[in-house]
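1. Give me a model of this one.
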Amino acid sequence: MFTHDEITQIEAHGLTVAQVESQIENFRTGFPALPVVRAASGGDGVVQLSEEEVTAAEARYDSRRTELRTIKFVPASGAATRMFKELFEYVNDDKRTPGIDRLITNLEKFAFFAELAKYLKPQIDDKDVVRNIIIDGLGYGAKPKGLVTFHAYKEGARKPVEEHLVEAALYASNGEKAAIHFTVSPEHRSGFLSLLEERQSHYEQKYGIKYEVSFSEQSPATDTIAVNLDNTPFRTDDGKLLFRPAGHGALITNLDKLEADIIFVKNIDNVTTDERKPDTTTYKKALAGELLRLQERAFEFLRAFERGEACEAEAITFLREELCCKLPENASRELIIATLDRPIRVCGMVKNEGEPGGGPFWVRDDEGREQLQIAESSQIAKEDMHLMKEATHFNPVDLVCGVMRYDGTKYDLTKYTDPKTGFISQKSAGGRDLRAQELPGLWNGAMANWNTIFVEVPISTFSPVKVVQDLLRSEHQ
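-> Here you go, the predicted model:
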(Lines give C-alpha, C1' and ligand atoms only; values in the text may rest on other atoms or scores of the structure.)
Protein backbone atom coordinates (compact mmCIF):
# COMPACT_ATOMS: atom_id res chain seq x y z
CA MET A 1 0.00 0.00 0.00
CA PHE A 2 2.86 2.37 0.80
CA THR A 3 6.07 3.09 -1.08
CA HIS A 4 9.47 3.16 0.59
CA ASP A 5 9.40 6.99 0.65
CA GLU A 6 5.93 6.95 2.21
CA ILE A 7 7.04 4.56 4.93
CA THR A 8 9.90 6.94 5.67
CA GLN A 9 7.36 9.81 5.85
CA ILE A 10 5.14 7.81 8.22
CA GLU A 11 8.04 6.99 10.53
CA ALA A 12 9.27 10.59 10.47
CA HIS A 13 5.83 11.56 11.71
CA GLY A 14 6.32 9.32 14.75
CA LEU A 15 3.86 6.71 13.51
CA THR A 16 4.20 3.10 12.41
CA VAL A 17 2.78 1.53 9.27
CA ALA A 18 0.60 -0.71 11.46
CA GLN A 19 -0.91 2.35 13.18
CA VAL A 20 -1.68 4.01 9.86
CA GLU A 21 -3.22 0.80 8.48
CA SER A 22 -5.36 0.62 11.62
CA GLN A 23 -6.53 4.19 11.01
CA ILE A 24 -7.47 3.31 7.44
CA GLU A 25 -9.40 0.30 8.71
CA ASN A 26 -11.37 2.66 10.96
CA PHE A 27 -12.41 4.60 7.84
CA ARG A 28 -13.59 1.38 6.20
CA THR A 29 -15.51 -0.05 9.13
CA GLY A 30 -16.49 3.13 10.97
CA PHE A 31 -16.67 3.54 14.73
CA PRO A 32 -19.34 1.63 16.63
CA ALA A 33 -22.07 3.66 18.30
CA LEU A 34 -21.70 4.24 22.01
CA PRO A 35 -23.82 1.77 24.02
CA VAL A 36 -25.81 4.48 25.80
CA VAL A 37 -28.42 3.37 28.33
CA ARG A 38 -30.11 6.70 29.09
CA ALA A 39 -29.36 10.38 29.57
CA ALA A 40 -28.08 11.29 33.03
CA SER A 41 -30.33 13.74 34.87
CA GLY A 42 -30.77 15.34 38.26
CA GLY A 43 -30.82 12.58 40.88
CA ASP A 44 -29.85 9.99 38.28
CA GLY A 45 -26.21 10.62 37.46
CA VAL A 46 -26.17 14.41 37.89
CA VAL A 47 -25.56 15.42 41.52
CA GLN A 48 -27.39 18.55 42.65
CA LEU A 49 -25.54 19.98 45.63
CA SER A 50 -27.37 22.04 48.24
CA GLU A 51 -25.99 25.44 49.24
CA GLU A 52 -24.63 23.85 52.42
CA GLU A 53 -22.91 21.09 50.43
CA VAL A 54 -21.37 23.63 48.04
CA THR A 55 -20.04 25.64 50.98
CA ALA A 56 -18.65 22.52 52.66
CA ALA A 57 -16.98 21.29 49.45
CA GLU A 58 -15.45 24.71 48.81
CA ALA A 59 -14.13 24.84 52.39
CA ARG A 60 -12.70 21.31 52.07
CA TYR A 61 -10.66 22.36 49.04
CA ASP A 62 -9.60 25.70 50.55
CA SER A 63 -8.39 23.98 53.73
CA ARG A 64 -5.94 21.89 51.69
CA ARG A 65 -4.88 24.34 48.98
CA THR A 66 -1.49 25.12 50.51
CA GLU A 67 -0.49 21.44 50.49
CA LEU A 68 -1.90 20.47 47.09
CA ARG A 69 -0.07 20.53 43.77
CA THR A 70 -2.60 22.22 41.51
CA ILE A 71 -2.47 23.13 37.83
CA LYS A 72 -4.88 24.71 35.37
CA PHE A 73 -4.91 23.00 31.95
CA VAL A 74 -6.19 25.13 29.07
CA PRO A 75 -6.55 23.70 25.53
CA ALA A 76 -5.71 26.71 23.36
CA SER A 77 -4.47 25.26 20.07
CA GLY A 78 -5.50 26.35 16.63
CA ALA A 79 -6.55 29.56 14.91
CA ALA A 80 -9.94 31.17 15.63
CA THR A 81 -11.12 30.31 12.11
CA ARG A 82 -14.62 29.17 13.11
CA MET A 83 -15.10 32.25 15.30
CA PHE A 84 -14.70 34.46 12.21
CA LYS A 85 -16.17 32.15 9.54
CA GLU A 86 -19.10 34.48 8.82
CA LEU A 87 -16.71 37.42 8.43
CA PHE A 88 -14.54 35.56 5.92
CA GLU A 89 -17.62 34.63 3.87
CA TYR A 90 -18.58 38.31 3.74
CA VAL A 91 -15.12 39.49 2.66
CA ASN A 92 -14.37 36.63 0.23
CA ASP A 93 -17.83 35.76 -1.14
CA ASP A 94 -19.82 38.98 -0.55
CA LYS A 95 -22.23 36.99 1.63
CA ARG A 96 -23.77 39.58 3.96
CA THR A 97 -25.84 38.08 6.77
CA PRO A 98 -27.80 39.46 9.74
CA GLY A 99 -24.75 38.53 11.82
CA ILE A 100 -22.61 40.95 9.81
CA ASP A 101 -25.26 43.66 10.23
CA ARG A 102 -25.20 43.09 13.98
CA LEU A 103 -21.39 43.25 14.05
CA ILE A 104 -21.26 46.56 12.17
CA THR A 105 -24.12 48.14 14.14
CA ASN A 106 -22.51 47.27 17.48
CA LEU A 107 -18.88 47.72 16.49
CA GLU A 108 -18.04 50.12 19.33
CA LYS A 109 -19.31 47.62 21.93
CA PHE A 110 -16.53 45.14 21.14
CA ALA A 111 -13.55 45.31 23.51
CA PHE A 112 -11.22 45.21 20.50
CA PHE A 113 -12.75 48.36 18.97
CA ALA A 114 -10.11 50.68 20.46
CA GLU A 115 -7.39 48.61 18.75
CA LEU A 116 -9.38 48.35 15.52
CA ALA A 117 -10.07 52.11 15.33
CA LYS A 118 -6.40 52.77 14.53
CA TYR A 119 -6.89 51.04 11.17
CA LEU A 120 -10.20 52.63 10.17
CA LYS A 121 -9.95 55.56 7.77
CA PRO A 122 -12.76 58.10 7.22
CA GLN A 123 -15.54 56.92 4.86
CA ILE A 124 -14.28 53.31 5.07
CA ASP A 125 -16.87 50.83 3.81
CA ASP A 126 -18.25 47.91 5.84
CA LYS A 127 -16.27 45.25 3.99
CA ASP A 128 -13.00 47.02 4.70
CA VAL A 129 -13.98 47.28 8.37
CA VAL A 130 -14.46 43.53 8.50
CA ARG A 131 -11.27 42.96 6.51
CA ASN A 132 -9.36 44.93 9.16
CA ILE A 133 -10.72 42.62 11.85
CA ILE A 134 -9.76 39.32 10.23
CA ILE A 135 -7.06 39.91 7.59
CA ASP A 136 -5.39 43.31 7.71
CA GLY A 137 -5.21 45.43 10.84
CA LEU A 138 -5.98 43.13 13.78
CA GLY A 139 -5.46 39.99 11.68
CA TYR A 140 -7.66 37.95 14.02
CA GLY A 141 -8.48 35.38 11.35
CA ALA A 142 -4.96 33.98 11.66
CA LYS A 143 -4.69 34.23 15.45
CA PRO A 144 -5.82 31.79 18.16
CA LYS A 145 -8.79 32.72 20.36
CA GLY A 146 -6.46 33.19 23.31
CA LEU A 147 -4.97 36.29 21.66
CA VAL A 148 -8.23 37.98 20.63
CA THR A 149 -9.32 40.89 22.84
CA PHE A 150 -12.49 39.77 24.67
CA HIS A 151 -13.21 42.14 27.56
CA ALA A 152 -12.89 45.86 28.32
CA TYR A 153 -11.97 47.20 31.77
CA LYS A 154 -11.20 50.69 33.03
CA GLU A 155 -7.54 49.70 33.45
CA GLY A 156 -7.38 48.20 29.94
CA ALA A 157 -8.72 45.40 27.77
CA ARG A 158 -8.00 41.71 28.35
CA LYS A 159 -7.53 38.68 26.16
CA PRO A 160 -8.60 35.14 27.22
CA VAL A 161 -5.03 34.23 28.22
CA GLU A 162 -5.16 37.03 30.78
CA GLU A 163 -8.60 35.99 32.07
CA HIS A 164 -7.24 32.49 32.67
CA LEU A 165 -4.34 33.98 34.63
CA VAL A 166 -6.91 35.77 36.80
CA GLU A 167 -8.93 32.57 37.28
CA ALA A 168 -5.79 30.65 38.22
CA ALA A 169 -5.09 33.21 40.94
CA LEU A 170 -8.65 32.94 42.27
CA TYR A 171 -9.02 29.16 42.57
CA ALA A 172 -5.87 27.34 41.44
CA SER A 173 -3.15 28.97 43.54
CA ASN A 174 -1.70 27.86 46.87
CA GLY A 175 -1.42 31.45 48.05
CA GLU A 176 2.10 31.84 46.70
CA LYS A 177 2.07 30.49 43.16
CA ALA A 178 -0.33 29.35 40.48
CA ALA A 179 0.56 26.89 37.73
CA ILE A 180 -1.14 27.11 34.35
CA HIS A 181 -0.50 25.04 31.23
CA PHE A 182 -1.58 26.02 27.71
CA THR A 183 -1.62 23.66 24.75
CA VAL A 184 -0.69 25.75 21.71
CA SER A 185 0.11 25.39 18.04
CA PRO A 186 3.81 25.93 17.19
CA GLU A 187 3.04 28.95 15.00
CA HIS A 188 1.16 30.71 17.82
CA ARG A 189 3.53 30.04 20.70
CA SER A 190 5.52 33.25 20.23
CA GLY A 191 2.30 35.29 20.41
CA PHE A 192 1.43 33.74 23.79
CA LEU A 193 4.95 34.35 25.06
CA SER A 194 4.90 37.98 23.95
CA LEU A 195 1.60 38.63 25.69
CA LEU A 196 2.80 36.98 28.90
CA GLU A 197 6.05 38.91 28.83
CA GLU A 198 4.02 42.10 28.62
CA ARG A 199 1.21 41.30 31.09
CA GLN A 200 2.14 38.47 33.49
CA SER A 201 3.91 40.67 36.04
CA HIS A 202 0.85 42.94 36.20
CA TYR A 203 -1.33 40.05 37.42
CA GLU A 204 1.38 38.78 39.74
CA GLN A 205 1.41 42.15 41.47
CA LYS A 206 -2.38 42.42 41.43
CA TYR A 207 -2.91 39.04 43.13
CA GLY A 208 0.30 38.75 45.14
CA ILE A 209 1.41 35.45 43.59
CA LYS A 210 3.90 34.08 41.07
CA TYR A 211 2.78 32.22 37.95
CA GLU A 212 4.37 29.07 36.61
CA VAL A 213 3.27 29.08 32.97
CA SER A 214 4.10 26.14 30.72
CA PHE A 215 3.23 25.13 27.18
CA SER A 216 2.97 22.00 25.10
CA GLU A 217 2.11 21.25 21.50
CA GLN A 218 0.03 18.48 20.02
CA SER A 219 2.44 15.71 19.02
CA PRO A 220 2.63 14.88 15.28
CA ALA A 221 2.60 11.23 16.39
CA THR A 222 -1.09 11.69 17.28
CA ASP A 223 -1.99 12.85 13.74
CA THR A 224 -4.19 10.66 11.56
CA ILE A 225 -3.92 9.93 7.85
CA ALA A 226 -6.46 11.45 5.45
CA VAL A 227 -8.15 9.25 2.85
CA ASN A 228 -10.04 9.75 -0.40
CA LEU A 229 -13.79 9.17 -0.46
CA ASP A 230 -13.09 5.53 -1.43
CA ASN A 231 -10.90 5.16 1.71
CA THR A 232 -7.61 4.91 -0.17
CA PRO A 233 -4.76 7.08 1.16
CA PHE A 234 -5.08 10.73 0.13
CA ARG A 235 -1.97 12.01 -1.62
CA THR A 236 -1.21 15.68 -2.16
CA ASP A 237 -0.36 17.17 -5.56
CA ASP A 238 3.32 16.50 -4.88
CA GLY A 239 2.60 12.83 -4.11
CA LYS A 240 2.94 13.00 -0.31
CA LEU A 241 0.58 11.38 2.19
CA LEU A 242 -1.57 13.87 4.06
CA PHE A 243 -1.71 13.73 7.86
CA ARG A 244 -4.07 15.88 9.91
CA PRO A 245 -4.22 16.80 13.62
CA ALA A 246 -6.53 14.33 15.32
CA GLY A 247 -8.63 16.74 17.37
CA HIS A 248 -8.52 17.57 21.06
CA GLY A 249 -8.60 13.88 21.99
CA ALA A 250 -4.90 13.81 21.12
CA LEU A 251 -4.27 16.13 24.07
CA ILE A 252 -4.60 13.22 26.51
CA THR A 253 -0.86 12.69 25.94
CA ASN A 254 -0.22 16.33 26.89
CA LEU A 255 -2.38 16.00 30.01
CA ASP A 256 -0.61 12.75 30.87
CA LYS A 257 2.72 14.57 31.16
CA LEU A 258 1.44 16.77 33.99
CA GLU A 259 1.87 15.61 37.57
CA ALA A 260 -0.41 17.30 40.09
CA ASP A 261 -2.96 16.43 42.76
CA ILE A 262 -5.67 18.56 41.14
CA ILE A 263 -5.90 19.50 37.46
CA PHE A 264 -8.56 22.00 36.41
CA VAL A 265 -9.54 21.73 32.72
CA LYS A 266 -11.34 24.56 30.96
CA ASN A 267 -11.43 25.73 27.33
CA ILE A 268 -9.65 28.93 26.31
CA ASP A 269 -12.85 30.72 25.19
CA ASN A 270 -14.94 29.99 28.31
CA VAL A 271 -14.14 33.12 30.32
CA THR A 272 -16.19 36.00 31.67
CA THR A 273 -15.61 39.40 33.23
CA ASP A 274 -14.45 39.94 36.82
CA GLU A 275 -17.95 41.03 37.83
CA ARG A 276 -19.27 37.55 36.95
CA LYS A 277 -16.34 35.44 38.17
CA PRO A 278 -17.56 34.71 41.76
CA ASP A 279 -19.84 31.82 40.66
CA THR A 280 -17.05 30.32 38.58
CA THR A 281 -14.63 30.52 41.52
CA THR A 282 -17.10 29.05 44.00
CA TYR A 283 -18.07 26.09 41.85
CA LYS A 284 -14.54 25.31 40.66
CA LYS A 285 -13.53 25.04 44.30
CA ALA A 286 -16.65 23.00 45.11
CA LEU A 287 -15.93 20.52 42.30
CA ALA A 288 -12.37 20.17 43.61
CA GLY A 289 -13.67 19.64 47.14
CA GLU A 290 -16.01 16.90 45.95
CA LEU A 291 -13.13 15.24 44.08
CA LEU A 292 -10.99 15.24 47.22
CA ARG A 293 -13.79 13.71 49.30
CA LEU A 294 -14.59 10.94 46.82
CA GLN A 295 -10.96 10.24 46.01
CA GLU A 296 -10.00 9.81 49.67
CA ARG A 297 -12.88 7.38 50.22
CA ALA A 298 -11.79 5.35 47.16
CA PHE A 299 -8.22 5.36 48.48
CA GLU A 300 -9.44 4.01 51.85
CA PHE A 301 -11.07 1.05 50.12
CA LEU A 302 -7.96 0.37 48.01
CA ARG A 303 -5.74 0.40 51.09
CA ALA A 304 -8.18 -1.94 52.85
CA PHE A 305 -8.10 -4.36 49.92
CA GLU A 306 -4.30 -4.17 49.92
CA ARG A 307 -4.36 -5.22 53.60
CA GLY A 308 -6.47 -8.22 52.64
CA GLU A 309 -9.67 -6.98 54.26
CA ALA A 310 -13.03 -8.13 52.94
CA CYS A 311 -15.02 -4.98 52.11
CA GLU A 312 -16.50 -5.88 48.74
CA ALA A 313 -20.12 -5.11 49.67
CA GLU A 314 -19.28 -1.67 51.08
CA ALA A 315 -17.10 -0.87 48.05
CA ILE A 316 -19.87 -1.85 45.62
CA THR A 317 -22.29 0.42 47.48
CA PHE A 318 -19.80 3.29 47.39
CA LEU A 319 -19.22 2.79 43.67
CA ARG A 320 -22.95 2.75 42.97
CA GLU A 321 -24.09 5.57 45.25
CA GLU A 322 -21.08 7.92 45.22
CA LEU A 323 -19.02 7.20 42.09
CA CYS A 324 -22.07 6.54 39.87
CA CYS A 325 -20.75 3.20 38.65
CA LYS A 326 -23.05 0.17 38.77
CA LEU A 327 -21.15 -3.11 38.62
CA PRO A 328 -22.65 -6.29 37.17
CA GLU A 329 -24.09 -8.82 39.60
CA ASN A 330 -21.52 -11.06 41.26
CA ALA A 331 -18.70 -8.70 40.30
CA SER A 332 -15.33 -10.18 41.20
CA ARG A 333 -13.00 -8.67 43.79
CA GLU A 334 -10.58 -7.94 40.94
CA LEU A 335 -13.20 -5.94 39.02
CA ILE A 336 -14.14 -3.98 42.15
CA ILE A 337 -10.51 -3.06 42.79
CA ALA A 338 -9.85 -2.24 39.12
CA THR A 339 -12.92 0.03 39.08
CA LEU A 340 -11.87 1.89 42.21
CA ASP A 341 -8.26 2.18 41.04
CA ARG A 342 -8.79 4.61 38.13
CA PRO A 343 -8.28 8.31 37.46
CA ILE A 344 -11.21 10.35 38.72
CA ARG A 345 -12.90 13.46 37.36
CA VAL A 346 -15.71 15.62 38.68
CA CYS A 347 -17.41 17.42 35.80
CA GLY A 348 -19.64 20.45 36.02
CA MET A 349 -22.88 20.12 34.01
CA VAL A 350 -25.23 22.98 33.19
CA LYS A 351 -28.93 22.75 32.46
CA ASN A 352 -29.63 22.40 28.76
CA GLU A 353 -30.53 25.77 27.27
CA GLY A 354 -29.99 24.87 23.65
CA GLU A 355 -26.22 25.35 23.45
CA PRO A 356 -24.40 22.94 21.10
CA GLY A 357 -22.21 20.28 22.65
CA GLY A 358 -22.16 16.87 24.26
CA GLY A 359 -24.09 15.77 27.29
CA PRO A 360 -24.00 13.39 30.27
CA PHE A 361 -25.08 9.79 29.65
CA TRP A 362 -25.17 6.42 31.32
CA VAL A 363 -23.16 3.97 29.18
CA ARG A 364 -22.62 0.21 29.52
CA ASP A 365 -19.00 -0.88 28.94
CA ASP A 366 -17.38 -4.16 27.91
CA GLU A 367 -17.08 -5.24 31.56
CA GLY A 368 -20.83 -4.91 32.06
CA ARG A 369 -20.43 -1.77 34.18
CA GLU A 370 -23.02 0.98 33.86
CA GLN A 371 -21.15 4.24 34.29
CA LEU A 372 -21.14 7.87 33.25
CA GLN A 373 -19.65 9.37 30.09
CA ILE A 374 -19.82 12.60 28.15
CA ALA A 375 -21.17 11.80 24.69
CA GLU A 376 -21.52 13.79 21.46
CA SER A 377 -24.45 13.30 19.08
CA SER A 378 -22.08 11.80 16.49
CA GLN A 379 -21.36 8.92 18.91
CA ILE A 380 -24.98 7.91 19.32
CA ALA A 381 -26.85 5.51 17.02
CA LYS A 382 -29.87 6.83 15.10
CA GLU A 383 -32.22 4.58 17.06
CA ASP A 384 -30.91 6.12 20.30
CA MET A 385 -31.05 9.76 19.22
CA HIS A 386 -34.23 10.29 21.23
CA LEU A 387 -32.02 9.95 24.31
CA MET A 388 -30.02 12.98 23.15
CA LYS A 389 -33.25 14.97 22.92
CA GLU A 390 -34.20 13.86 26.44
CA ALA A 391 -30.94 15.16 27.94
CA THR A 392 -31.60 17.76 30.64
CA HIS A 393 -27.95 18.87 30.93
CA PHE A 394 -25.00 19.46 28.64
CA ASN A 395 -21.22 19.53 28.92
CA PRO A 396 -19.57 22.97 29.30
CA VAL A 397 -16.06 21.42 29.62
CA ASP A 398 -15.68 22.19 33.31
CA LEU A 399 -13.51 19.38 34.67
CA VAL A 400 -11.53 18.80 37.83
CA CYS A 401 -9.24 15.79 37.51
CA GLY A 402 -7.42 13.53 39.96
CA VAL A 403 -4.61 11.64 38.22
CA MET A 404 -2.59 10.37 41.21
CA ARG A 405 -2.96 6.89 42.74
CA TYR A 406 -3.38 6.16 46.44
CA ASP A 407 0.28 5.10 46.66
CA GLY A 408 1.52 8.45 45.31
CA THR A 409 2.32 7.26 41.78
CA LYS A 410 0.59 8.71 38.73
CA TYR A 411 -1.87 6.93 36.49
CA ASP A 412 -0.88 6.37 32.87
CA LEU A 413 -3.83 8.23 31.36
CA THR A 414 -3.33 6.67 27.93
CA LYS A 415 -4.49 3.33 29.37
CA TYR A 416 -7.96 4.64 30.27
CA THR A 417 -9.14 5.68 26.81
CA ASP A 418 -11.68 3.95 24.59
CA PRO A 419 -10.01 3.59 21.16
CA LYS A 420 -13.33 2.38 19.71
CA THR A 421 -14.71 5.91 19.94
CA GLY A 422 -13.75 8.46 17.34
CA PHE A 423 -15.11 10.79 14.70
CA ILE A 424 -14.98 10.69 10.90
CA SER A 425 -15.79 13.82 8.92
CA GLN A 426 -15.57 15.08 5.36
CA LYS A 427 -13.04 17.85 4.66
CA SER A 428 -11.09 19.13 1.67
CA ALA A 429 -7.50 19.93 0.71
CA GLY A 430 -6.29 21.55 -2.50
CA GLY A 431 -9.87 21.69 -3.74
CA ARG A 432 -10.32 17.92 -3.38
CA ASP A 433 -12.68 16.17 -0.97
CA LEU A 434 -11.25 13.87 1.65
CA ARG A 435 -12.24 12.00 4.79
CA ALA A 436 -10.60 12.92 8.10
CA GLN A 437 -10.46 11.05 11.39
CA GLU A 438 -10.28 12.40 14.93
CA LEU A 439 -9.19 10.53 18.01
CA PRO A 440 -11.70 10.07 20.84
CA GLY A 441 -12.41 13.54 22.27
CA LEU A 442 -10.41 14.57 25.34
CA TRP A 443 -13.47 14.58 27.62
CA ASN A 444 -15.28 11.89 25.59
CA GLY A 445 -13.49 8.68 24.62
CA ALA A 446 -10.07 9.78 25.88
CA MET A 447 -11.47 9.76 29.45
CA ALA A 448 -14.05 7.01 28.89
CA ASN A 449 -12.64 4.69 31.55
CA TRP A 450 -12.19 7.23 34.34
CA ASN A 451 -14.40 7.31 37.39
CA THR A 452 -16.74 10.12 36.43
CA ILE A 453 -19.07 12.22 38.57
CA PHE A 454 -21.38 14.89 37.16
CA VAL A 455 -22.33 17.88 39.33
CA GLU A 456 -24.85 20.51 38.31
CA VAL A 457 -23.35 24.01 38.12
CA PRO A 458 -25.11 27.31 37.29
CA ILE A 459 -25.24 28.56 33.72
CA SER A 460 -23.38 31.67 34.94
CA THR A 461 -20.19 29.56 34.99
CA PHE A 462 -20.45 28.98 31.21
CA SER A 463 -19.57 31.88 28.88
CA PRO A 464 -18.20 30.43 25.63
CA VAL A 465 -17.32 32.48 22.56
CA LYS A 466 -17.97 30.35 19.49
CA VAL A 467 -18.61 33.23 17.05
CA VAL A 468 -17.42 36.83 17.36
CA GLN A 469 -20.96 38.13 17.97
CA ASP A 470 -21.02 36.14 21.25
CA LEU A 471 -18.82 38.91 22.64
CA LEU A 472 -21.93 41.11 22.62
CA ARG A 473 -23.59 38.92 25.23
CA SER A 474 -23.97 40.43 28.69
CA GLU A 475 -21.36 38.09 30.22
CA HIS A 476 -18.70 39.67 27.99
CA GLN A 477 -19.73 43.33 28.29
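
2. Quick check: Arg435 touching Ala226?
-> Yes. Counting by C-beta atoms under 8 Å, Arg435 does reach Ala226; the two are 6.8 Å apart. Placement of C-beta: from N, CA and C, glycine included.

3. okay, those two: which has more neighbours?
-> Ala226 (23 against 17; other C-beta atoms under 10 Å).

4. OK, contacts around the more buried one?
-> Applying C-beta atoms under 8 Å, 6 or more residues apart in numbering to Ala226 gives the contacts 233-234, 241-244, 427, 429, 434-437.

5. swap the cut-off to 10 Å and go again
-> The contact partners of Ala226, by C-beta atoms under 10 Å, 6 or more residues apart in numbering, come to 23, 27, 233-236, 241-244, 427-429, 432, 434-437.

6. So which other helices or strands are in contact with the worst-scoring helix or strand of the chain on mean pLDDT?
-> Ranking every helix and strand in the chain by mean pLDDT, DSSP states H and E puts helix 385-390 at the bottom, with a mean of 81. Here helix 385-390 is seen to pack against strand 36-39, strand 359-364 when contacts are counted using 3 or more C-beta pairs under 10 Å, 6 or more residues apart in numbering; DSSP states H and E.

7. out of these, nearest to Arg60?
-> strand 359-364 (23.4 Å; C-beta to C-beta).

8. what packs against whichever helix or strand comes after the closest one?
-> Next helix or strand after strand 359-364 toward the C-terminus (DSSP states H and E): strand 370-375. The helices and strands touching strand 370-375, judged by 3+ C-beta pairs under 10 Å, 6+ apart, are strand 36-39, strand 45-47, strand 344-351, strand 359-364, strand 451-456.

9. sorry, back to before: now tell me what touches the least confident helix or strand of the chain from outside.
-> 36-39, 41, 352, 358-359, 361-362, 375-377, 379-381, 394.

10. coming back round to it: quickly list what's touching both of Arg435 and Ala226.
-> Joint contacts of Arg435 and Ala226 (C-beta under 10 Å, 6+ apart) are 27, 234, 427.

11. one step back: give the next helix or strand downstream of the least confident helix or strand of the chain.
-> That would be, after helix 385-390 and using DSSP H and E, strand 393-394.

12. in its sheet, what does that following strand sit against?
-> Counting by DSSP bridges, the strands paired with strand 393-394 are strand 344-351 (antiparallel).

13. tell me which residues of the strand it pairs with are tucked away?
-> Buried residues in strand 344-351, counted by 16 or more other C-beta atoms under 10 Å: 344-350.

14. Of all the helices and strands packed on strand 370-375, which one comes closest to Arg189?
-> Here strand 344-351 is closest among the helices and strands packed on strand 370-375 (C-beta to C-beta), at 27.6 Å.

15. Kindly reformat the buried residues of strand 344-351 as JSON lines and extend each row with distance to Arg303 and pLDDT.
-> What follows is the buried residues of strand 344-351, written out as JSON lines (distance: C-beta to C-beta, whole Å; pLDDT from 0 to 100):
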{"residue": "Ile344", "distance to Arg303": "16", "pLDDT": "98"}
{"residue": "Arg345", "distance to Arg303": "21", "pLDDT": "98"}
{"residue": "Val346", "distance to Arg303": "21", "pLDDT": "98"}
{"residue": "Cys347", "distance to Arg303": "26", "pLDDT": "97"}
{"residue": "Gly348", "distance to Arg303": "29", "pLDDT": "97"}
{"residue": "Met349", "distance to Arg303": "31", "pLDDT": "96"}
{"residue": "Val350", "distance to Arg303": "36", "pLDDT": "95"}
